[in-house]
Each structure stands twice: as C-alpha cells, then as structure tokens.
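1. Turn this into a model:
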Amino acid sequence: MATKVSLKPDDTEDPFARESNPDPMIRTIAITTGGGDAPGLNAVIRAVVLSALDLGWETLGIRDGYQGLLSPEKYPGGGVITLTRQHVRGITHLGGTILGTTNRGNPFAYPMPGPDGELREIDRSEDVLAALEAHAVDALVAVGGDGSLAIANRFHERGVRVVGVPKTIDNDLDETVATFGFDTAVQFATECIDRLHSTAEAHHRIMVVEVMGRYAGWIALYAGVAGTADAILLPEIPYDIHKVAAKVEDRCRTGASFSIIVVAEGARPIGGRIAVISKEAGRSERLGGAGERVTRELQTLTGREARTVVLGHLLRGGKPSARDRLLALRFGSAAVRALADGASGVMVALDPPVVRHVPLSMVAGRMKRVPLDADTIATARDLGVCLGD
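-> Just a heads-up that it's a prediction; the model follows:
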C-alpha cells in the first residue's frame, strides 16, 4: 500500500515552477538594450531568448535601443534580427551587448536637425509603435536604466505589453536591491584603487580617483571603502574641501606620505554645483571634472603634489563578475516568466532571495541614492574615512 504524503499549505505551490500554460496571446517578443552599456547585458539577452524558446516563442532583437526600428535602413540586414540559440551561444561572459545600445535615441524626444541645422527633440513614438506592429511583436522586454525604463513605461501607457529589466552600473534604480553591472564596476574600481596605493606611496602624492555613478554615490562608496580610501566624496553629502585637506595633513603628520581620495562624478562642494561637461538634445547631461576640481583645490590648500585618475568608461567594460552574470540570467528568465504569467508594465526586481516584479510606474522618474544612515557609510566613518562633512 502506497504511503500517503501530507503537504504543508505553503508546499502545495511552487512559485518557481515553469508556467505550464504560457499566455496564448504571445508568439513573438522583442528585446531592446538601451542607455549606457553594463557587464551582464549579454547574459540577459541569452536568458530571454532561451526562456522564450522553451515556451515556443520567437525573440526579435532590436539594434541600438530603438534605433533599429526608427532607422532600419542604416543596418545591413535590417534593424531587427531574429535571435536563435546560435546567436546567444557563448555570450554570457562577454561584456557589452550584441544588440548595441545608445543613450541618445529616446523616441519621445528624438534628436533631429531643424531647418537651421540645430538639433531639436521631436516625438517619434508613433514610428516605434508602427514598427512593432509591422514586426508582429506581442510583447517587449526593455533592458535599461532609469531613462530606458521611463521610456518603457510610456510605451506601456500607449498599450504596448512591456516588462522592464533593471540595468546600470550605478545601482541607482529604485525598488530593486541591486542591478547587474554594479558588482563588476565596484570590483574593477577597487582593483584600480589597490594599484594606485603603491604608486601614490612611492611618489608621496595625493591620488584623486573619479568614478562613474552620476547622481548616486554607490560605486564611489563601495569601492572607496573596499579599497581603503582616505576620503570618499559622494553626491549625497556635499563636501567641504578644507576638511578633505585637513584629512590629508593629518595623515602626513602621522607618517603617511600619500592619500587616496575617491570622488563620485556627481559629487559637489557645499553651496556648489555638479560638474557638467555638456547637455545635448536627445540625451542626458554629461558629467565630468569633479575629480580634477578636487585635485586642483587640494594641491593649492596642501601644497602637495596631486594627480587625477578618471576611470570613466573602463567601469562599463570587461567581463561581468559571477554575481552579475547570475543576476542578469535570473532577471532575463524572470522577465519571460512575468510575460507568461500575463504581466505587463512591470520591472523585474531583486528582493532576496527571490526576483519579483513591481510596477514600472514605481520606478520611472525615481532614483535610489545612498541613504545617509546606510551601514556602509557608518562603517566608513568608524574606519576614519573622511566624507567631506
């Protein structure tokens, strides 16, 4: 006689089980990668394609954000390609994105030359909608940061079935504990800071390291603490350069002839502004010069030799870390599961130990900055790191 097994109430349903009856309204999905590139994008693409094929769906890849739909004539073979197993084989460990990306192709504010030759922003969203219909796209997976997900939300409001995937090395997207690309960027920045310790000590210099992150200081904080920086300047904490100079002088008095200062590109002095290089039509403003500003002022205040190292786009390149690969694969698979479950207008989000999804409206236009009461900030202060305040 067979033994009867008793199930606990919470054991009767497996939240991670494969959907046995995927949404019959979906036959073809498309994926787009927009904004700045980040390690892990190719892993997301692979997970989406393989998960979709498992459900019998076709996946189309849109080149360079929405450019493949708006300017297909610029691409040999067209701006949209059918992604097969062969396309995504062996790409998980590769940086960048096989689809390409752009940060100046917002269809709702598309840069076009006017009669006077000046770039102006026009609304080309109808062209995107028409192209999606022409390609018989039933749903869209939009992989990107705050700008790309805000665009995805607007298309959702226009009736497009959309699931967003959070991507940014800056880790500044709300409603998700982490974004893929962040761990790799921090890991590389930390290695660079490690290398700068030896040359800074050999030459008795102040080394100022500027890192990306835009208006949030996650990369600067994590890499700065991990790399044992002496001062870390964040967008969340306007700094007094005199206090940073005092930290340098204190180190010199105690026998340390060098200092490492990590500066987020969005850091600003008390009462001052963020350093902006330019603002062009159709794209967000470019930040830069924060590290150089700190270097000049420290050299003047301390009389000591100082140098600036700008890591810039080095933080975006290279192989994704194991953690970023796994997170990207989880996000891509979760995006397809969300569509199979009938979801739309949502973003997949890490909520350990699971990946859930949240409304895009809760993410669009919002930024996750470093909380002033964060444990890592408290740790930095306990270690004697100067935060400029």
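
2. what about the strands in the stretch 251-389 of the chain?
-> Counting by DSSP state E, counting those that start in this stretch, the stretch 251-389 of the chain has strands at residues 259-264, 276-278, 286-287, 306-310, 346-351, 354-359.

3. Pro235: which of those strands is closest?
-> strand 259-264 (5.6 Å; C-beta to C-beta). (Each C-beta comes from the backbone N, C-alpha and C, glycine too.)

4. Adjacent strands (with direction) for that closest one?
-> Neighbouring strands of strand 259-264 in its sheet, by DSSP bridges, are strand 206-211 (parallel), strand 231-233 (parallel).

5. The longest one to strand 306-310, inter-axis angle?
-> Same thing as strand 206-211. Here strand 206-211 runs at an angle of 20 degrees relative to strand 306-310 (axes from the mean of the first three to the mean of the last three C-alpha atoms, to 10 degrees).

6. Figure out how far the next helix or strand after strand 206-211 is from the centre of its chain.
-> For strand 206-211, the succeeding helix or strand toward the C-terminus, using DSSP states H and E, is helix 218-226. In terms of C-alpha atoms, centre = their mean, to the nearest Å, the centre of helix 218-226 is set 16 Å apart from its chain centre.

7. between helix 218-226 and strand 206-211, how many degrees?
-> Angle of helix 218-226 versus strand 206-211, following the same axes, to 10 degrees, is 140 degrees.

8. what packs against helix 218-226?
-> If contacts are counted by 3 or more C-beta pairs under 8 Å, 6 or more residues apart in numbering; DSSP states H and E, helix 218-226 sits against helix 182-203, strand 206-211, strand 231-233, strand 259-264, helix 375-382.

9. Next, the angle helix 182-203 makes with that helix.
-> Helix 218-226 and helix 182-203 are oriented at 50 degrees to each other (the same axes, to 10 degrees).

10. quick one: contacts of helix 218-226?
-> Applying C-beta atoms under 8 Å, 6 or more residues apart in numbering, the contact partners of helix 218-226 are 169-172, 182, 185-186, 189-190, 193, 211-213, 229, 232-234, 262-264, 267, 315, 370, 374, 376-377, 379-380, 383, 385.

11. pull the CA atoms of that helix into PDB?
-> What follows is helix 218-226, C-alpha atoms only, in PDB (Å, rounded to 0.1, in the frame of the first residue of the first chain):
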ATOM      1  CA  TRP A 218      27.100  53.700  -4.700                       C
ATOM      2  CA  ILE A 219      30.200  52.900  -6.800                       C
ATOM      3  CA  ALA A 220      32.400  55.500  -5.000                       C
ATOM      4  CA  LEU A 221      31.300  54.400  -1.600                       C
ATOM      5  CA  TYR A 222      31.600  50.700  -2.000                       C
ATOM      6  CA  ALA A 223      34.900  50.800  -4.000                       C
ATOM      7  CA  GLY A 224      36.300  53.500  -1.700                       C
ATOM      8  CA  VAL A 225      35.600  51.500   1.500                       C
ATOM      9  CA  ALA A 226      36.800  48.300  -0.100                       C
END
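
12. average pLDDT for it?
-> Averaging pLDDT along helix 218-226 gives 97.

13. List the beta-bridge partners for the closest residue to Val310 other than its chain neighbours.
-> The shortest distance from Val310 to any residue other than its chain neighbours is 4.6 Å, reached at Glu210 (C-beta to C-beta, 6 or more residues apart in numbering). Beta-bridge partners recorded for Glu210 (DSSP bridges): Val263, Val310.

14. Who are the contact partners of Glu210?
-> With contact set as C-beta under 8 Å, 6+ apart, Glu210 has these partners: Val263, Ala264, Glu265, Gly288, Ala290, Gly291, Glu292, Thr308, Val309, Val310, Leu311, Gly312.

15. Throw the helices and strands packed on helix 218-226 into CSV and include mean pLDDT and distance to Thr102, thanks.
-> Formatted as CSV, those follow (pLDDT from 0 to 100; distance: least, C-beta to C-beta, whole Å):
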stretch, mean pLDDT, distance to Thr102
helix 182-203, 95, 20
strand 206-211, 96, 23
strand 231-233, 97, 30
strand 259-264, 96, 24
helix 375-382, 97, 33
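
16. Nearest to Ala142 among those would be which one?
-> Among the helices and strands packed on helix 218-226, helix 182-203 comes nearest to Ala142, with 18.9 Å by C-beta to C-beta.

17. By neighbour count, which bits of the closest one are buried? Give me those.
-> Of all the residues in helix 182-203, those buried under the rule 16 or more other C-beta atoms under 10 Å are 182-190, 192-193, 196, 200.

18. quick one, helices of the chain?
-> Using DSSP state H, the helices of the chain run over 41-54, 67-70, 85-88, 125-134, 146-157, 182-203, 218-226, 241-253, 290-302, 322-340, 375-382.

19. ranking those helices by burial, who's on top?
-> When the helices of the chain are scored by mean count of other C-beta atoms under 10 Å, the highest mean neighbour count falls to helix 218-226 (a mean of 26).

20. burial of Ile91, as a residue count?
-> The number of residues packed around Ile91, counting by other C-beta atoms under 10 Å, is 16.

21. Contacts only, for the residue lying closest to Ser148 once chain neighbours are set aside.
-> Sequence neighbours aside, Gly34 is the residue nearest to Ser148 in space, at 3.9 Å (criterion: C-beta to C-beta, 6+ apart). For Gly34, the contact set (C-beta under 8 Å, 6+ apart) comprises Gly65, Tyr66, Thr101, Thr102, Asn103, Gly105, Ala142, Val143, Gly144, Gly147, Ser148, Ile151.
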